[in-house]
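**Q** Curious how this folds, go ahead:
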Amino acid sequence: MFQGTIPGPMRSIVRETASLWPSGPVYVPCCGNFTIERSLAGMGLALHSSDVSIYTSAVGRWLTQQPVGIQLREESADELGWLADSLDGGVGTVATLMLGTRFLASVGREGLWHERVVRSYREQWKAKHAETAERLSASDVELASYEVEDVRSWLQKVPGDAPVCSFPPFYGGGYEKLYEPLEAHFTWDAPQYEPLSDDDVVSVLGAITDRPYWLTASNHSVPELHPYLRGVIKATPRAAPFYVYASEARTRIVAPRQPIDPVKIPRLRQGEELVGPLTLSLLKPGQFNALRSRYLNPRIAPGAANLAVAVRDGGGRLLGVFAMAPSTFTPDEAYVLSDFAVAPTDYPRLSKLIVLAATSAETQLLCQRSFSRRIRRVATTAFSNNPVSMKYRGLLRLNKRSPSNEDGWKFQLQYQGAIGQHTLAEALEMWAKRWGAPTTKTGV
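**A** Have a look, this model is predicted:
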């Protein structure tokens with residue numbers, strides 16, 4: 001219900017650590033999405049929270065029976081007048097803001113996707129709003145107090161021996177950017193404050209840690225707090241790690257674990273000839289994980305696939321694998337999460353055959369059945385130290401080249417192309433003519 005980016009294991013660590021603290025008040029500055037408060041619910045602690053964002057303050061005021069004090073801006077009345085009846089100064093206003101975080105960024109923006117998002121919420125608003133308000137009313141989170149106040153001044157009022165638990169922003173602009181759409185369409189008695197500078201972050205950390213009981217966490221390593229490092233959490237392969245620091249706590253390490261299932265399909269090997277016809281076989285998630293771990297570059301972080309497919313030759317041998325997911329922003333597009341060939345073989349360009357299979361008419365049909373939508377194009381991202389990907393060259397169109405956001409690569413390459421323009425039989429014929437020559441080995 002409450003939106004947040006703190007992983008589940010972090011909540012368990014917070015609750016475990018707080019169980020070692022004396023009963024009584026606990027202070028939570030920069031409470032954000034109330035992750036800490038939800039983690040400590042039911043422990044008999046008096047939770048005192050503060051923050052400065054419109055979203056957090058709406059929830060915090062409602063939880064402490066204060067007037068929420070948020071209204072629709074006059075300039076937004078034409079586009080969003082249908083929200084006015086939902087702003088009741090209480091749980092209805094909070095439910096409106098929660099739903100608003102999901103669609104207000106699309107209001108007033110051009111594009112079919114943005115128009116569909118806004119139209120969908122407007123048509124379903126009464127049901128969605130009622131459901132959200134009902135779930136809010138059933139929440140077990142209780143606060144002893146909530147104040148709309150900057151962390152620097154609020155911490156000065158916290159008793160020096162009271163426990164403090166907080167995930168403060170270690171970089172500027174995070175929440176401001178997140179809640180820009182809410183601020184653009186709603187008005188409230190927003191506090192005046194300056195963003196945290198580097199010196200301010202050090203000061204805030206000092207105020208948090210200068211006490212007998214405290215806990216804080218960040219998705220950045222904080223060298224000054226290294227002696228108090230109590231845990232590292234990496235919930236999924238693509239998630240940023242969380243570093244947990246505390247005055248006293250058990251040491252914990254949380255690492256991702258992916259299920260692995262055996263794959264008994266024979267694989268094309270060196271000295272073996274590839275023969276037609278090509279066939280496709282669906283893979284279970286565990287089988288896909290096993291093959292990806294065996295053949296994909298380990299520097300590429302894995303992702304969860306909606307559709308994983310094995311490409312096999314006429315002898316039933318595995319040639320490679322590709323995995324697809326529906327595109328988030330383009331309704332008729334499938335995103336290729338992974339595509340790789342088995343190795344070693346006598347065919348240095350075998351990976352191009354896997355790309356051709358991934359863009360075949362047979363794959364198009366599998367995608368449409370799996371995603372319940374028309375699929376006309378595919379897109380993918382390649383990381384490379386070269387300005388083009390030789391695997392996709394001549395098969396997909398390079399749309400964008402930019403500096404890589406992944407360590408170890410120079411370029412991030414965005415590719416796109418049509419799907420369904422050839423069959424598997426035509427793919428094999430095309431590949432055999434252009435790229436299918438095996439390597440020639442000579443012996444002594």
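
**Q** Might you list the low-confidence residue ranges for the protein?
**A** Scanning the chain for pLDDT under 70 picks out 1-6, 170-176, 298-303, 440-444.

**Q** The same query, at a cut-off of 50, please.
**A** 1-3, 442-444 (pLDDT under 50).

**Q** what helix or strand is the residue positioned nearest the centre of it on?
**A** By C-alpha atoms, centre = their mean, the chain has its centre lying nearest to Ala239, at 7.3 Å. Using DSSP states H and E, Ala239 sits in no helix or strand.

**Q** Enumerate every residue touching it.
**A** Residues counted as contacts of Ala239 (C-beta atoms under 8 Å, 6 or more residues apart in numbering) are 7, 256. The way it works is simple: take the backbone N, C-alpha and C, and place the C-beta from them, glycine included.

**Q** for the one 10 residues further on, same thing?
**A** If a contact means C-beta under 8 Å, 6+ apart, then Ala249 has 13, 16-17, 20, 215, 230-231 as its contacts.

**Q** Between the two ends of stretch 151-169, how far is it?
**A** 10 Å (C-alpha to C-alpha, to the nearest Å).

**Q** Same question for stretch 69-84.
**A** Termini of stretch 69-84 sit 13 Å apart (C-alpha to C-alpha).

**Q** same thing with stretch 256-270?
**A** Start-to-end, stretch 256-270 (C-alpha to C-alpha) is 34 Å.

**Q** So what touches it?
**A** Residues contacting stretch 256-270 (C-beta under 8 Å, 6+ apart): 234-237, 239, 274, 281, 283-287, 289-291, 293, 302, 310, 312-313, 315-319, 342, 344-347, 350.

**Q** Can you select the buried ones from the residues you listed in PyMOL?
**A** The PyMOL selection below is limited to those of the contacts of stretch 256-270 classed as buried (16 or more other C-beta atoms under 10 Å):
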select buried, resi 234+235+274+283+285+287+289+290+291+302+310+312+313+317+318+319+342+345+346+347+350
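
**Q** In helices, which of the contacts of stretch 256-270 fall?
**A** If you go by DSSP state H, the contacts of stretch 256-270 have 285-287, 289-291, 293, 350 in helices.

**Q** now those residues as JSON lines including distance to Ser360?
**A** Formatted as JSON lines, the ones in helices among the contacts of stretch 256-270 follow (distance: C-beta to C-beta, whole Å):
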{"residue": "Pro285", "distance to Ser360": "23"}
{"residue": "Gly286", "distance to Ser360": "25"}
{"residue": "Gln287", "distance to Ser360": "21"}
{"residue": "Asn289", "distance to Ser360": "24"}
{"residue": "Ala290", "distance to Ser360": "24"}
{"residue": "Leu291", "distance to Ser360": "20"}
{"residue": "Ser293", "distance to Ser360": "26"}
{"residue": "Leu350", "distance to Ser360": "16"}
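
**Q** burial count for Asn385?
**A** Look at Asn385: counted by other C-beta atoms under 10 Å, it has 9 neighbours.

**Q** next one: the one 10 residues further on
**A** For Leu395, the number of neighbouring residues by other C-beta under 10 Å comes to 17.

**Q** Report the contact partners of it.
**A** Leu395 neighbours (C-beta under 8 Å, 6+ apart): 352, 355-356, 359, 417.

**Q** count of residues packed around the closest residue to Phe371 other than its chain neighbours?
**A** Nearest non-adjacent residue to Phe371, counting by C-beta to C-beta, 6 or more residues apart in numbering: Pro326, 4.4 Å away. Using other C-beta under 10 Å, the number of residues around Pro326 comes to 18.

**Q** how close does Pro326 get to Ala239?
**A** Using C-beta to C-beta, to the nearest Å, Pro326 is found at 21 Å from Ala239.

**Q** same question, Arg393
**A** For Arg393, the distance to Ala239 - C-beta to C-beta - is 32 Å.

**Q** same check, this time on Ala305
**A** In terms of C-beta to C-beta, Ala305 sits 17 Å off from Ala239.

**Q** In the stretch 101-250 of the chain, mark out all the helices, start to finish.
**A** Using DSSP state H, counting those that start in this stretch, the helices of the stretch 101-250 of the chain run over residues 112-123, 125-137, 151-155, 174-178, 180-185, 198-209.

**Q** Trp82 belongs to a helix?
**A** Yes - counting by DSSP: H, G, I helix; E, B strand; the rest coil, Trp82 is found in a helix.

**Q** what about the residue lying closest to it once chain neighbours are set aside, neighbour count?
**A** Nearest non-adjacent residue to Trp82, counting by C-beta to C-beta, 6+ apart: Arg122, 6.0 Å away. Other residues near Arg122 come to 13 when the count uses other C-beta under 10 Å.

**Q** again with the one 10 residues further on
**A** For Thr132, the tally of surrounding residues (other C-beta under 10 Å) stands at 20.

**Q** How about the contacts made by Thr17?
**A** 165, 215, 230, 246, 248-250.

**Q** Just the buried ones among the residues you listed, please.
**A** Looks like the contacts of Thr17 have 165, 215, 230, 246, 249 buried, using 16+ other C-beta under 10 Å.

**Q** Please identify which pair of those residues lies farthest apart.
**A** Comparing every pair within the buried ones among the contacts of Thr17 by C-beta to C-beta identifies Cys165 and Arg230 as the most remote, at 12.7 Å.

**Q** With Val59 as the reference, measure out to Val91.
**A** From Val91 over to Val59 (counting by C-beta to C-beta), the distance is 10 Å.

**Q** ditto for Ile36
**A** In this view, Ile36 and Val59 are 13 Å apart by C-beta to C-beta.

**Q** So which of the buried ones among the contacts of Thr17 belong to strands?
**A** 165, 215, 230, 246 (DSSP state E).

**Q** what's the closest non-adjacent residue to the third one?
**A** Leaving out its chain neighbours, the residue that sits closest to Arg230 by C-beta to C-beta, 6+ apart is Ala249, at 4.2 Å.

**Q** Ramachandran angles for the one you found?
**A** phi -170, psi 160 (degrees, to the nearest 10).
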